[in-house]
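Peer 1: give me a model of this one.
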Amino acid sequence: MIGRLYTVVIDCPDPGELAGFYEKLLSLSRQEDTGDFVVLQNAAGAPVVAFQRVDDFRAPRWTDSARPQQMHIDVMVADLDTAETQVLALGATLLDGSDKPIGFGDGWSGQAHFRMIASLP
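Peer 2: Next up, the predicted model:
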């Protein structure tokens, strides 16, 4: 195992509104809400799905490659460099502009835990 799924993040124009829909649909509750980023959790308190504001959001159109779906998956790993090597070996691509180190504080350890990597085409 390279890592574990942390949450799925969906780009949208209004995170609060979209989160409200999924709260009701899936019986989830808000774990975090900054206005620009909302995380929904399950009954056990684990994050399930998050929504992030994208100011120039263009809604996807099914089967229209000019307007593709917009989302990404966060995967937590123990060692970022090791995981990057393993993921690239699977066929992923480190995206341009992802100079090391990049990342964000995970809210608990304060360590960087992500790099921009594209999955297989």
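
Peer 1: neighbours of the closest residue to residue 54 other than its chain neighbours, how many?
Peer 2: Using CB to CB, 6 or more residues apart in numbering and skipping residues adjacent in sequence, the residue nearest residue 54 is residue 11, 4.4 Å away. C-beta here means a position set from N, CA and C on the backbone, and glycine is covered the same way. Neighbour count of residue 11, defined by other CB atoms under 10 Å: 17.

Peer 1: ok, residue 7 next?
Peer 2: A count of neighbours around residue 7, defined by other CB under 10 Å, yields 19.

Peer 1: contacts only, for it.
Peer 2: Taking CB atoms under 8 Å, 6 or more residues apart in numbering, we find residue 7 in contact with 39, 47-50, 73-74.

Peer 1: swap in residue 75?
Peer 2: The contact partners of residue 75, taken as CB under 8 Å, 6+ apart, are 2-6, 83.

Peer 1: state the distance from it to residue 59.
Peer 2: 26 Å (CB to CB, to the nearest Å).
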